[in-house]
Structure formats: structure tokens, C-alpha cells
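Student: please find the sequence and the predicted model below.
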Amino acid sequence: MSALVLVQALRDPASVTDLDMAGWNGLIAMARAEQLIGSLAYRFGGLALPAAVERMMLDARRHATFVRRQALWEADRARVALAGVDAPVILLKGTAYVAAGLRAGVGRHIGDLDIMVPRPALTRVEKALISAGWEWVKPDPYDDQYYRRWMHELPPLIHKERDRMIDVHHTILPLTARQRPDADAMIADRLKLDNGLSVLAPEDMVLHCIAHLFADGDLAGGLRNLWDLHCLLDDFGTNPAFAERLEQRAARHQLAAHLKRAVRLSSYLYGAGADLTLSDRFYIRRLLARDEWGRETQKLARLAFYVRSHWLRMPPLMLARHLWTKWRKGR
């Protein structure tokens, strides 16, 4: 068994009707490991399920409702804290999906609050958040300097009373990455919400999802991110002009190749199917690397994508220096 059973359940909920209890145990273990249990529970709405499974799905939907409220509350606390900073505050990822009422937010797991602000405003945003009760998670001087000099975000902050993390981005990929998205264009074309916060424009929201998955990571959590993409494309793709604008925007953000791969993989796993390239099949192997207990498999594939994630983030000499420094500190 691989995570393909989870993919099939999301794509076609009726496919689970023939599962025995061992199959159900494997599916639920994988959904939890991939943080897709809430999304799966909503997909099963109205489906006749075994009583024990129905109780689990009810619990998952209740928890997803709690997570949604908590995410929106954290977004509001950030809004209040940053009210005196003359700069737009853009919600990203899961919180943006639920705030915008998108299908990608239904049942979605949401951890940290991710926001994006203009880079010139970072110092003022940082001071405002610290004054409102957030504090640094990484006090180490090397980590602090590394984030500020090379990354696409401030070092992470956590609220000392609510124990909730916030990541403050000024662009969507590390400054050392091979692709250099146009953060100014993303901020300029944001969509304002009624509460004064904003979200990215639809094309940029899709491309941020793709960049996070294919240009800045090792594909951990990739099935959830691809499900996000599938849902976003369903939401926005009803507009005939969307596909053309998406391609134009991908070219502007240097993400055209990643867009093509993302669409192929999303369609192959969750949609009507797609013809895969040889390299696409390595991505599929990595994405489906779970056993019936929800444990990760395919160690070599995971290692290869881990190395790839660092290679994408940094030039070789910088990467060697960074890994050497981290190794020495770990010793």
C-alpha cells in the first residue's frame, strides 16, 4: 500500500466503499501523516461510512472548524498589532484560503500564521509584533543573521501568551534561490479583504503554492500542497482568461517550468490525468512514499529531494559553508 489510496479517496470519495478495516486504518493513518484528514472528512460528507470511521470523520470536521477559527483569530490579532504600521499585510497559505472563502481552505490543516509585507516595512513590522507580545523562536546569532541576510522572511516569532507562531515574509522564495519572483508586483496586485487585510491575486496565490512546493522544499507535505493547487485551479479556472494570465504571471516570477510540472502532477493525481515526463515519475514516487501505517518510505528518494531542496536554495559554495557551520554548531 502507498499513499495512492489517499489520493484516490480525495479524487473519488466513493472509491473507499470497498475498503476493509485494515484499508481504513491505512487510509486514516496516511491522511493524518499528510495533514489531510480534515480535507478528507469533508470530502466524505454524505457518504455511508462504517460507524467507527464516521465518528473519526466527525471529530476531524470539528477540529478543522476549530483550526479555522483559530487561524482567523490569529490573523485578526496580527491586524490589530500592525494597525499603526503604514504597510499592507497580506495573508498567505492556509489562512489566506479560509479568509478568502476558497475551496482549498475547507478542512485544511493550518499551523503558523504566514503574512507578507513590503521589505522596507520589515523593521517597523518587527517592532510592532514584539510590542504586541511576540518573541523570537531562534535566539542563535548565526540563525538570526542567516534569516535576515538570505531568507525570504524574518526569523519566526511566537506569541508568549497564545503560543502561536507567525512567519513574516517579504517575498516568496529565499533571496539565494535560482528564481527571483517579483514581490513588488505581488504586493501591488493584492486583493483587499473587508477587514483591512489582503490576500494575493488568484494567479499569484497559485504560483506561491507552486513555489513553496517545487522551488523551496523537499516535497514533504506535497500531497496536501498539490491538493491545495487542485482546489485553487478549480476555484479560479472557471474564468476563461485565468489560464493565460497565470502563464504570463509565471513567466514574470520565473516559475513557468514549475507551473507546467505542477499542473501535470496535480492533474495526474487529483484530476483527469496527464502524460508524465520521466522526471515527473520521480516526483510521484516521492509524493506517494507512505506505507499502511502512515510511515515514510523511499529513503533514497527522500534523501535526493532533501539534497535538491538545498541545491535550489543556495549556490554550491554558500551551501557548503552553511552546512559546515550548522554541522560545527551541532557538534
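Tutor: Received the coordinates, thanks.
Student: only C-alpha atoms for contact and neighbour calcs from this point on.
Tutor: Will do.
Student: what is the burial count for Thr277?
Tutor: Residues within reach of Thr277, counting by other C-alpha atoms under 10 Å, total 11.
Student: check it and give its pLDDT.
Tutor: pLDDT, Thr277: 95.
Student: relative to Tyr283, how far out is it?
Tutor: Going from Thr277 to Tyr283 by C-alpha to C-alpha, to the nearest Å gives 10 Å.
Student: same question for Val7.
Tutor: 14 Å.
Student: what do you get for Arg43?
Tutor: The spacing between Arg43 and Tyr283, counted by C-alpha to C-alpha, is 25 Å.
Student: kindly report the same for Asp235.
Tutor: Distance of Asp235 to Tyr283, given as C-alpha to C-alpha: 25 Å.
Student: same question, Thr17
Tutor: 29 Å.
Student: over to Ser267?
Tutor: Noted for Ser267: a distance of 14 Å to Tyr283, by C-alpha to C-alpha.
Student: name the residues contacting each of those two.
Tutor: Among the neighbours of Ser267, none is also in contact with Tyr283 (C-alpha atoms under 8 Å, 6 or more residues apart in numbering).
Student: look at Asp235 and Tyr283 and report which has more neighbours.
Tutor: Comparing Asp235 with Tyr283 by other C-alpha under 10 Å, the one with more neighbours is Tyr283, at 18 against 14.
Student: now that one: how far from Thr171?
Tutor: 25 Å.
Student: was I right about Glu161 contacting Glu135?
Tutor: No. Counting by C-alpha atoms under 8 Å, Glu161 does not reach Glu135; the two are 10.2 Å apart.
Student: now do the strands in the protein.
Tutor: 90-91, 113-116, 134-136, 157-159, 165-169, 191-192, 198-199 (DSSP state E).
Student: next up, the contacts around the nearest residue to Gly217 once chain neighbours are set aside.
Tutor: Leaving aside its sequence neighbours, Gly217 sits nearest to Ser309 (C-alpha to C-alpha, 6 or more residues apart in numbering; 4.9 Å). Applying C-alpha under 8 Å, 6+ apart, we find Ser309 in contact with Ala215, Asp216, Gly217, Asp218.
Student: now do the same for the residue nearest to the second one when sequence neighbours are not counted: its pLDDT.
Tutor: To tie it back to what came earlier, the one meant is Asp216. Leaving out its chain neighbours, the residue that sits closest to Asp216 by C-alpha to C-alpha, 6+ apart is Ser309, at 6.0 Å. pLDDT recorded at Ser309 is 74.
Student: got it, and the one 3 residues further on?
Tutor: Reported pLDDT at Leu312 in the predicted model: 75.
Student: run a quick neighbour tally on the residue lying closest to it once chain neighbours are set aside.
Tutor: The shortest distance from Leu312 to any non-neighbouring residue, by C-alpha to C-alpha, 6+ apart, is to Ala177 (5.9 Å). Neighbours of Ala177 under the rule other C-alpha under 10 Å: 20.
Student: so Tyr270 sits against Leu10, correct?
Tutor: Yes. Between Tyr270 and Leu10 a contact is recorded at 7.3 Å, counting by C-alpha under 8 Å.
Student: more crowded one of the two?
Tutor: Each of Tyr270 and Leu10 has its neighbours counted (other C-alpha under 10 Å); Leu10 has more, 23 against 20.
Student: would you confirm that that one contacts Cys231?
Tutor: No. Taking contacts as C-alpha under 8 Å, Leu10 lies outside contact range of Cys231: 11.1 Å.
Student: just for the stretch 51-200 of the chain, where's the confidence low?
Tutor: Along the stretch 51-200 of the chain, segments meeting pLDDT under 70 span 138.
Student: quick one, helices of it?
Tutor: Assigned by DSSP state H, counting those that start in this stretch, the helices in the stretch 51-200 of the chain fall at 51-81, 93-99, 122-131, 141-150, 183-188.
Student: could you redo those helices as JSON lines and give each row distance to Trp227?
Tutor: Listed next are those as JSON lines, based on distance: least, C-alpha to C-alpha, whole Å:
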{"stretch": "helix 51-81", "distance to Trp227": "16"}
{"stretch": "helix 93-99", "distance to Trp227": "12"}
{"stretch": "helix 122-131", "distance to Trp227": "31"}
{"stretch": "helix 141-150", "distance to Trp227": "29"}
{"stretch": "helix 183-188", "distance to Trp227": "23"}
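Student: how close does the residue nearest to Asp216 sit to Leu200?
Tutor: Computed as C-alpha to C-alpha, the Ser309 to Leu200 distance reads 25 Å.
Student: can you check Asp59 too?
Tutor: Noted for Asp59: a distance of 31 Å to Leu200, by C-alpha to C-alpha.
Student: kindly report the same for Arg61.
Tutor: For Arg61, the distance to Leu200 (C-alpha to C-alpha) stands at 27 Å.
Student: repeat for Ala81
Tutor: Counting by C-alpha to C-alpha, the gap from Ala81 to Leu200 is 21 Å.
Student: give me the more crowded residue out of these two.
Tutor: Using other C-alpha under 10 Å as the criterion, Ala81 and Leu200 rank with Leu200 on top: 24 against 19.
Student: dump the residue contacts of the more buried one.
Tutor: Applying C-alpha under 8 Å, 6+ apart, we find Leu200 in contact with Ile90, Leu91, Leu92, Met186, Ile187, Asp189, Arg190, Leu191.
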